[in-house]
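Trainee: any chance you could fold what I've pasted below:
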Amino acid sequence: MTRTTFFRNMVLTLAMVAAMTACKPKQQQQQGGLPVVSVVAVQPETVKLDTVLTGRLEASRTAEVRARVQGVVLKRLFEEGSMVKKGQALFTIDDAPYRAAKASAQAVFDKARADMNRMQPLMEAGAISRQEWDAIVQGYQVAKSNLETANINFNYAHVTAPISGRIGRANVSEGELVSPNAATLMATIHQDDPLYVNFTQSADEVMKMRRDIAAGNIQSIDGEIPVSVFFNDGSEYDLKGTLLFTDPTVNATTGQVSLRASIPNPNKILFPGLFVSVHIANTEIPNAILLPQQAVTRGQTDTVMIVKADGTYEPRPVVLAGQQNQNWIITNGLNAGDQVIIDGMAVVQMTGSPKVQTKPWGVDMPPQGMPQGQGGQAGQGEQQGQPENKGQPESANSAEQAGQPEQSENQSEQPPKGQPETSSGEQP
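Mentor: Numbering: from 1, shown residues only. Model prediction:
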């Protein structure tokens, strides 16, 4: 190949590359390149709104069994952790001193009663003065009071259960000295059927709940509001409880109101002190729309982004009525069939495109950050969609050598890589 032929091929190749480069923006423009957003076509539905609060279980009744007389514990009469009945004997305290005091008080009382019975006819006959009779009656009353006190102390030596329930561990053992002065705690009894669950709620929500109850928006059972209890693993307790309003005042620091619910526990599955989630079925909202939280921009006015039929988009103010799981509940501002943008607005804002392409939310989309058909990985797709060097002669690769130094005459004897040999086989 002569040097003249080589430079002629190079000029032709550069001209073809320039022409294809000039046409490429027009091809990209024809292919589109609008950013893609994920949308949801909203449809109104009836939404059940539940209030979820965290509470702690508490025994409905708790009784602390304490020593009421001084003495040595002789015997424990119950099994720790068992169910006990009201009046059941729990401990026996050494009652010898109290038995003796009771007998002494009984003797004094018997004498005082006999004296009063003997002197009564004399008082009626006027044989004794009124003052002497009053002293006799007073002595009888004192003796009677002392006997009652002795009986009480004797009975306190036999400790019984004040309520029915489950008793915990014994805090004293046989041979231990107990005293009413120290108010020795001997055991604790919890009544665990039913249990209470205590929790707090904002005053505004409590007032709204009361208005809904008065308006009949919250369904009640026999005049009581049902509640559900969920454990930490997400499972639901089998039995429903009922809501109780306990504290009529608002906490001045937190603005919360203390509430209580009663939970039946016949099978003793629940334990006092356990943290649980309380679900209150507040009301049903008709014609409401559920939207993922990322679709709503919160502010003084809550808004969502709507895609119109022509591909343009605009913000739309909405009204929120609450939250259900990871969704906002929309009660106003949207119509059935509106295309609400869920994901992809970041790309739209980067490109400044006035229009967008839509796809259903949850469907795979091209890599975020670059519109289709422009630059990045999208540009690689264009190359993959065409045969390599389509429409170019094989000598197009010689353009890669355009920026290289001129070859020597000896090197030019071999045809450049990718160039066809000349038919004449001319030598320089």
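Trainee: for residue 105, give me its contacts.
Mentor: 143, 146-147, 149-151 (Cβ atoms under 8 Å, 6 or more residues apart in numbering). Backbone N, C-alpha and C define where each C-beta goes, glycine included.
Trainee: would you mark the buried spots in the helix or strand where it lies?
Mentor: Assigned by DSSP states H and E, residue 105 belongs to helix 96-125. For helix 96-125, burial by neighbour count (16 or more other Cβ atoms under 10 Å) applies to 98, 101-102, 105, 108-109, 112, 115-116, 119, 123.
Trainee: if any of the contacts of residue 105 are buried, give me the ChimeraX selection for them.
Mentor: Buried residues within these, by 16+ other Cβ under 10 Å, are selected in ChimeraX with:
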select :143,146,147,150
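Trainee: mind putting the contacts of residue 105 into a markdown table with secondary structure?
Mentor: A markdown table is the format used below for these (DSSP: H, G, I helix; E, B strand; the rest coil):
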| residue | secondary structure |
| --- | --- |
| 143 | helix |
| 146 | helix |
| 147 | helix |
| 149 | helix |
| 150 | helix |
| 151 | helix |
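Trainee: quick one: mean pLDDT over the helix holding residue 105.
Mentor: Helix 96-125 carries an average pLDDT of 92.
Trainee: which single one of the buried residues of helix 96-125 is nearest to residue 230?
Mentor: residue 98 (52.1 Å; Cβ to Cβ).
Trainee: quick check: pLDDT value at the closest residue to that closest one other than its chain neighbours.
Mentor: Here the nearest residue to residue 98 in space, its sequence neighbours aside, is residue 154; by Cβ to Cβ, 6 or more residues apart in numbering that works out to 4.2 Å. Per-residue pLDDT puts residue 154 at 95.
Trainee: does residue 131 lie in a helix or a strand, and which?
Mentor: Using DSSP H and E, residue 131 falls in helix 130-156.
Trainee: which other helices and strands contact that helix?
Mentor: helix 96-125 (3 or more Cβ pairs under 8 Å, 6 or more residues apart in numbering; DSSP states H and E).
Trainee: how is this protein divided into domains?
Mentor: 36-47+287-360, 51-58+192-285, 95-156 (automatic domain parsing).
Trainee: okay, the ones you listed in TSV with distance to residue 178 next?
Mentor: Formatted as TSV, those follow (distance: least, Cβ to Cβ, whole Å):
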stretch	distance to residue 178
domain 36-47+287-360	55
domain 51-58+192-285	25
domain 95-156	11
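Trainee: hey, least reliable of those by pLDDT?
Mentor: domain 51-58+192-285 - the lowest mean pLDDT of the domains of the chain, at a mean of 85.
Trainee: ok so residue 200 is a strand residue?
Mentor: Yes. Counting by three-state DSSP, residue 200 is part of a strand.
Trainee: thought it was touching residue 258?
Mentor: Yes. Between residue 200 and residue 258 there is a contact under Cβ atoms under 8 Å: 5.6 Å.
Trainee: residues shared between the contacts of those two?
Mentor: Joint contacts of residue 200 and residue 258 (Cβ under 8 Å, 6+ apart) are residue 251.
Trainee: what's the spacing between the nearest residue to residue 78 once chain neighbours are set aside and residue 300?
Mentor: Spatial nearest neighbour of residue 78, chain neighbours left out: residue 90 (5.3 Å); criterion: Cβ to Cβ, 6+ apart. Distance, residue 90 to residue 300, by Cβ to Cβ, to the nearest Å: 64 Å.
Trainee: one more: residue 330?
Mentor: Taken as Cβ to Cβ, the span from residue 330 to residue 300 is 17 Å.
Trainee: mind checking how far the residue nearest to residue 98 is from residue 286?
Mentor: In terms of Cβ to Cβ, residue 154 sits 70 Å off from residue 286.
Trainee: which of the two has more neighbours?
Mentor: residue 154 (19 against 9; other Cβ atoms under 10 Å).
Trainee: list the residues that contact the residue lying closest to residue 247 once chain neighbours are set aside.
Mentor: Nearest non-adjacent residue to residue 247, counting by Cβ to Cβ, 6+ apart: residue 258, 3.9 Å away. Applying Cβ under 8 Å, 6+ apart, we find residue 258 in contact with 198-200, 246-247, 251.
Trainee: any of the residues you listed buried? List them.
Mentor: 198-200.
Trainee: okay if I get the residues you listed as JSON lines plus distance to residue 137?
Mentor: As requested, those are arranged in JSON lines below (distance: Cβ to Cβ, whole Å):
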{"residue": "198", "distance to residue 137": "54"}
{"residue": "199", "distance to residue 137": "60"}
{"residue": "200", "distance to residue 137": "60"}
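Trainee: was I right about residue 62 contacting residue 190?
Mentor: Yes. In this structure residue 62 lies within contact range of residue 190 using Cβ under 8 Å: 5.5 Å.
Trainee: helix or strand next in line after the longest strand along the chain, which one?
Mentor: In the chain, taking DSSP state E as the definition, the longest strand is strand 45-66. Next in sequence after strand 45-66, counting helices and strands by DSSP H and E, comes strand 71-76.
Trainee: what lines up beside the helix or strand following that following strand in the sheet?
Mentor: The C-terminal neighbour of strand 71-76 among helices and strands, as given by DSSP H and E, is strand 83-84. According to DSSP bridges, strand 83-84 has the following sheet partners: strand 165-167 (antiparallel).
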